[in-house]
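1. Pasted the sequence and its predicted model underneath.
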Amino acid sequence: MRAIDPIRLALGQKQLDHICRTMGWVMARTARSPIFSQSHDFSCFIGSRSGQVVSQADGIPIHTGGGGIALTRLLETFEGRINSGDCFLANDPYVAGGNHLPDFTVMRPVFLNGALIAFTCNRAHQSDIGGGAAGTYNPSAEEIFHEGLRIPVIKLVAQGEVQDDLWRLILLNSRTPDLLDGDLRAMLGSTEIGAKRVQDMATPMGAEELNQLFASLLDWAEESLLAAIGKLKPGTYIGEDFFDHDCFEPIEARIKAAITVGADGLLVDFAGTSPQMRGFKNSSLANTRSAVLFGLISFLGAHIPRNDGVFRRVRVDAPEGSLVNAKPPAPVTSATTYPAHQIIHAIWQALSPTAPELSCAGWSRISHCNTSGIDGSGRYYVAYQWLAQPGAGAVKGRDGFNVLGQMTTLGGLALPEVEDFETSYPFLVERQEFVTDGGGPGRYRGGTGAVAIVKVQYPAEYSFRGEGNGNPTSFGVLGGHAAGTGSCSIKFDDGSSYAPPRFGVERLLPLTLTINAAGGGGFGSPYLRPAEEVLNDVLDGMVSPEKAEADYGVVLAGKDLRIDEEATRVLRQQLKKVESRV
């Protein structure tokens, strides 16, 4: 097959990416649940006829990096039985290439003149699919059967006809069948629109030229990754991150990544990672693969195409039965946040010595919970308390984002507007603001995180998953400092207080929920941060005058908070001497 010139290659990638975004627009405008229409907790991607992801331009990175595994399972399961008008559904992490059960994956084959040419796909987090806790995040789960409905690759639509028996079975296993019904229809509709756009793109060029475009895009990703690896110092580098709780009791567990940089690619070896745990913070292989792709590209550069061509030069060794490749029936619902977060942290820390200027400080973990129940109109709801999210780690040249959602979404998750939140759920938001002194000190400051106070007006069920409570979970780089910890507290209407568990499911009376999210880590020595920037942080409420002096060595004088230049110079000299001895 003849090669495709760079201009046509770039245009082809842009066309495919636009199709993905169009699918996303269809989803957001037609979905029933706020988790889709408001928060965009879904992702769209396009696969080649052989099941390799060639575009994943819309949505959340952790969703789609393992999408090729789901397509491979489809091709294996339905070999010779894939027809025009079919549409497939799957979610199981063990047999269907899923990340975790709440993420339903719809895969639609695209045909041109009777030949299979591509797949248009959508992976989306459902409001509820049964299991032991509403909203499907069940910190009490000890096996996957406690987490919800398991779906292998099934043919939900056969040659244009929805399989009503399967549809009814799926809806019967949800506490919010009306939302699931509407959201599944949105997923089918978005992939249908995507399929038509791919056909329109392919018609003038033909099936084989489209296939050549896909092959060239995969080659492009492979070559781009090799070029980025070529700038790194060869060797083996190790990074790790921790778990201190398995949802039932304190533990000491690690995710350890040894990355070997060679001339022909990367080996990401998770040997030494702790065995799978009792709770739901285990990772499926698809999720681990997705987290590896996320960690590598977010470090090496966004110019690298995000498709399966990268994996030609990246080998992932994940020991079976470990936290990064759990064996059934281990629960895995937390996988897309934790341990994906820890996998990415381990990769960033391992690669940091190879290219310090590309280092990224750590992001803190969440402190929020899910809330579900019956509102004043008798409607069942499932809500994610996303108003208080952690801060992001700083990078060279930029402070960390003060609030951006969980790290594994990388900004792809839209946090709710207070007005929409109060309209959609029986909540009254009393406060939402940035945390003072929340970010890790550094030349570039970590994001501060947010605090939210929410009054829940009716009895409800809570799924607590305070991963960010307890020990600090961010880290600083190149002299930057880690941020602190998060917290979650409750006050009942009678004035009594309650400290909820870090993990667990409880039914509680009307209450006021206070969530303090931790910040991100800092980049570089805080004593190199210009004093004027520290003063601006104080005036903006991001840093207190006391911490400006203690953490940054900036002395502020008078009620108008002027910089005392001489006192600051002397204090910073003293602090730098102490820093150099540490």
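-> Here it is on my side, so go on. Numbering: from 1, shown residues only.
2. Let me see the contact set for P339.
-> By CB atoms under 8 Å, 6 or more residues apart in numbering, the contact list for P339 reads F243, I255, K281, N282, S283, A291, L323, V324. C-beta here means a position set from N, CA and C on the backbone, and glycine is covered the same way.
3. Swap in 10 Å and give it another go.
-> 241, 243, 253, 255, 273-274, 277, 281-283, 287-288, 291, 323-324, 326, 332, 345-346 (CB atoms under 10 Å, 6 or more residues apart in numbering).
4. List the contacts of the nearest residue in space to Q199 that is not next to it in sequence.
-> The shortest distance from Q199 to any non-neighbouring residue, by CB to CB, 6 or more residues apart in numbering, is to L112 (5.8 Å). Residues in contact with L112 (CB under 10 Å, 6+ apart) are S84, A118, V198, Q199, M201, A202, T203, M205, G206, A207, L210.
5. From the residues you listed, which land in helices?
-> V198, Q199, M201, A202, A207, L210 (DSSP state H).
6. List only buried entries from these.
-> V198, Q199, M201, A202, A207, L210 (16 or more other CB atoms under 10 Å).
7. Can you check what pLDDT the model gives the fourth one?
-> Okay, so that is A202. Looking at A202, its pLDDT reads 97.
8. Pretty sure it sits against I117.
-> Yes - using CB atoms under 10 Å, A202 is in contact with I117, at 5.7 Å.
9. The closest residue to V429 other than its chain neighbours - how many residues pack around it?
-> Using CB to CB, 6+ apart and skipping the chain neighbours, the partner closest in space to V429 is V418 (4.8 Å). Residues lying near V418 (other CB atoms under 10 Å) number 15.
10. need the contact list for V418.
-> Going by CB under 10 Å, 6+ apart, the list of residues near V418 reads L387, F427, L428, V429, R431, Q432, A452, V454.
11. before we move on, the earlier item: I'd like the buried ones among the ones in helices among the contacts of L112 as JSON lines, with distance to H146 appended.
-> Below are those laid out as JSON lines (distance: CB to CB, whole Å):
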{"residue": "V198", "distance to H146": "39"}
{"residue": "Q199", "distance to H146": "42"}
{"residue": "M201", "distance to H146": "44"}
{"residue": "A202", "distance to H146": "44"}
{"residue": "A207", "distance to H146": "45"}
{"residue": "L210", "distance to H146": "44"}
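12. Which stretches in the stretch 51-200 of the chain count as strands?
-> Taking DSSP state E, counting those that start in this stretch as the test, the strands found in the stretch 51-200 of the chain are 53-58, 87-90, 103-112, 115-125, 154-158, 161-162.
13. Need the ones you listed in JSON lines (columns: mean pLDDT and distance to G12).
-> Converted to JSON lines, the strands of the stretch 51-200 of the chain look like this (pLDDT from 0 to 100; distance: least, CB to CB, whole Å):
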{"stretch": "strand 53-58", "mean pLDDT": "93", "distance to G12": "9"}
{"stretch": "strand 87-90", "mean pLDDT": "98", "distance to G12": "25"}
{"stretch": "strand 103-112", "mean pLDDT": "98", "distance to G12": "15"}
{"stretch": "strand 115-125", "mean pLDDT": "97", "distance to G12": "12"}
{"stretch": "strand 154-158", "mean pLDDT": "98", "distance to G12": "28"}
{"stretch": "strand 161-162", "mean pLDDT": "98", "distance to G12": "33"}
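14. residues of the longest strand along the chain that come out buried?
-> Criterion DSSP state E: the longest strand present in the chain is strand 250-262. By neighbour count with 16+ other CB under 10 Å, strand 250-262 contains the buried residues A253, I255, K256, A257, A258, I259, V261.
15. Could you tell me how far the nearest residue to the fourth one once chain neighbours are set aside is located from F242?
-> With CB to CB, 6+ apart as the criterion, A257 has its nearest non-adjacent residue at 3.9 Å, and that residue is A346. From A346 over to F242 the distance is 10 Å, taken as CB to CB, to the nearest Å.
16. So which of the two has more stuff around it?
-> The residue with more neighbours, out of A346 and F242, is A346; 29 against 16, by other CB under 10 Å.
17. neighbouring contacts of the lowest-mean-pLDDT helix or strand in the chain?
-> Here the helix or strand of the chain ranked lowest by mean pLDDT, DSSP states H and E is helix 34-37, holding a mean of 88. For helix 34-37, contacts defined as CB under 10 Å, 6+ apart pick out 24, 27-31, 41-42, 102, 124-127, 135, 179, 182-183, 186-187, 381-384, 386, 413-414, 416, 420-421, 423-425.
18. Just give me the neighbour total for F104.
-> 24.
19. So N325 sits against S274, correct?
-> No - look at N325 against S274 with CB under 10 Å: they stay out of range, at 12.0 Å.
20. and the two? which has more neighbours close in?
-> N325 (21 against 17).
21. need the contact list for R289.
-> Applying CB under 10 Å, 6+ apart, the residues near R289 are 65-69, 97, 99, 268, 283, 308, 311, 314, 316, 318, 324-325, 343.
22. element containing it, please.
-> Using DSSP states H and E, the element containing R289 is helix 285-300.
23. hey, C-alpha coordinates of the first helix or strand past that helix going along the chain in PDB?
-> Later in the chain than helix 285-300, the nearest helix or strand by DSSP H and E is strand 314-317. Only the C-alpha atoms of strand 314-317 are listed here, as PDB (Å, rounded to 0.1, in the frame of the first residue of the first chain):
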ATOM      1  CA  VAL A 314       5.300  -0.100  24.900                       C
ATOM      2  CA  ARG A 315       5.200  -3.500  26.600                       C
ATOM      3  CA  VAL A 316       3.100  -3.700  29.800                       C
ATOM      4  CA  ASP A 317       4.000  -6.600  32.200                       C
END
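24. Make 59 the starting number, not 1.
-> Taking 59 as the first residue, the last one we looked at is strand 372-375.
25. Could you pull out the buried residues of strand 372-375?
-> For strand 372-375, the buried set under the neighbour-count rule, 16+ other CB under 10 Å, comprises V372, V374.
26. And the very next helix or strand once past that strand, what does it pack against?
-> Per DSSP H and E, the first helix or strand lying C-terminal to strand 372-375 is helix 398-409. On a contact count with 3 or more CB pairs under 10 Å, 6 or more residues apart in numbering; DSSP states H and E, helix 398-409 meets helix 119-122, strand 293-303, strand 308-320, strand 323-327, helix 343-358.
27. so the last one versus strand 308-320, what angle?
-> With axes from the mean of the first three to the mean of the last three CA atoms, to 10 degrees as the criterion, the two stretches helix 343-358 and strand 308-320 enclose an angle of 60 degrees.
28. Tell me how far helix 343-358 lies from the chain's centre.
-> In terms of CA atoms, centre = their mean, to the nearest Å, the centre of helix 343-358 is found 11 Å from the chain centre.
29. go on, stretch 457-474?
-> The answer for stretch 457-474 is 9 Å, by CA atoms, centre = their mean.
30. Could I get the buried residue list for that stretch?
-> Across stretch 457-474, burial judged by 16+ other CB under 10 Å covers 457-468, 470-471, 473-474.
31. Relative to S435, which of the residues you listed is nearest.
-> Distance to S435, by CB to CB, is smallest for P474 among the buried residues of stretch 457-474, at 19.6 Å.
32. how far away is the closest one from D595?
-> Taking CB to CB, one finds P474 at 27 Å from D595.
33. Surely S356 and I120 touch.
-> No - with contact defined as CB under 10 Å, S356 does not count as touching I120 (11.1 Å).
34. Looking at those two, which is more packed in?
-> I120 (29 against 19).
35. right, and that one touches L468 too?
-> Yes - taking CB under 10 Å as the definition, I120 is a contact partner of L468 at 8.4 Å.
36. Overlap of the contact sets of the two?
-> F352, I402.
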